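1. Just to be clear, the model below is a prediction. Sequence and coordinates:
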Amino acid sequence: MIKQISIFLENEPGRLVKVAKILGNANINIRALTVAETSDFGILRLIVDDPERAYSILKENNIVVVMDDVLGVEVVDKPGGLARIAEILSNQNINIEYVYAFVTNSHEKAFIVLRVDEEERAINVLKENDVRILTSEDVTEI
């Protein structure tokens with residue numbers, strides 16, 4: 001499991017800039033991000049190299065932030081990598097609530113961030129299928 005930072009932002013100019021500057025000034029590197037939005041607000045989800053410090057700094061700056069665990073997995077960076085993971089989980093009737101991904105400089109592997117409805121069972125099923133589960137330390141080293 002890895003730590004994800006979720007930030008609630010008003011859907012207006014400059015909100016993303018503020019968060020990005022706070023993290024940049026603190027020398028916190030964003031490894032992956034996604035935004036889910038509505039007309040009034042967005043949820044910015046981040047994987048960063050130092051989630052505990054990011055969470056504290058954002059709180060200190062009056063940003064509405066939550067830190068929680070998500071599943072991170074390593075896949076081969078080629079067509080079908082996501083399909084394999086989705087099929088493994090689907091075959092066990094494990095629902096993927098959301099997913100986003102990021103790649104590395106090696107071009108040999110990619111990383112997928114998943115929110116699933118049954119985390120522990122998903123981890124066991126993926127491990128049984130030789131899928132590498134990421135740790136917070138892995139994210140720091142990427």
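-> Nice, thanks for sending it over. Fair warning: this is a prediction, and the values are worked out from it, not measured in the lab.
2. Could I get the full set of helices for this structure?
-> Remark: helices assigned in the chain by DSSP state H are 15-25, 51-60, 81-91, 119-128, 136-141.
3. Quick one: low-confidence residue ranges for this structure.
-> 106-107 (pLDDT under 70).
4. What residue spans form the domains of it?
-> By the assignment in automatic domain parsing, the chain contains the domains 2-68, 70-141.
5. and the gap between residue 85 and residue 78?
-> Applying Cβ to Cβ, to the nearest Å, the value for residue 85 to residue 78 is 13 Å. C-beta coordinates here come from the backbone N, C-alpha and C atoms, glycine included.
6. now the helices of the chain in CSV, with distance to residue 34?
-> Formatted as CSV, these follow (distance: least, Cβ to Cβ, whole Å):
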stretch, distance to residue 34
helix 15-25, 12
helix 51-60, 15
helix 81-91, 14
helix 119-128, 19
helix 136-141, 15
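7. closest to residue 71 out of those helices?
-> helix 119-128 (6.1 Å; Cβ to Cβ).
8. tell me which residues in that closest one are buried?
-> Residues 122, 123, 125, 126 are the ones in helix 119-128 that count as buried (16 or more other Cβ atoms under 10 Å).
9. what does stretch 19-26 give?
-> So stretch 19-26, judged by 16+ other Cβ under 10 Å, has buried residues 19, 22, 23, 26.
10. Run the chain-centre distance for that stretch.
-> 18 Å (Cα atoms, centre = their mean, to the nearest Å).
11. got it, and stretch 44-63?
-> 13 Å.
12. Find the residue closest to residue 117 in space, skipping its chain neighbours.
-> Nearest non-adjacent residue to residue 117, counting by Cβ to Cβ, 6 or more residues apart in numbering: residue 95, 4.4 Å away.
13. Could you tell me which residues make contact with the one you found?
-> 89, 116, 117, 118 (Cβ atoms under 8 Å, 6 or more residues apart in numbering).
14. nearest to residue 33, of these?
-> Distances from residue 33 to the contacts of residue 95, taken by Cβ to Cβ, are shortest for residue 116, at 19.5 Å.
15. what is that closest one paired to in the beta sheet?
-> Counting by DSSP bridges, residue 116 is bridged to residue 96.
16. what about it, neighbour count?
-> Counted with other Cβ atoms under 10 Å, residues neighbouring residue 116 total 20.
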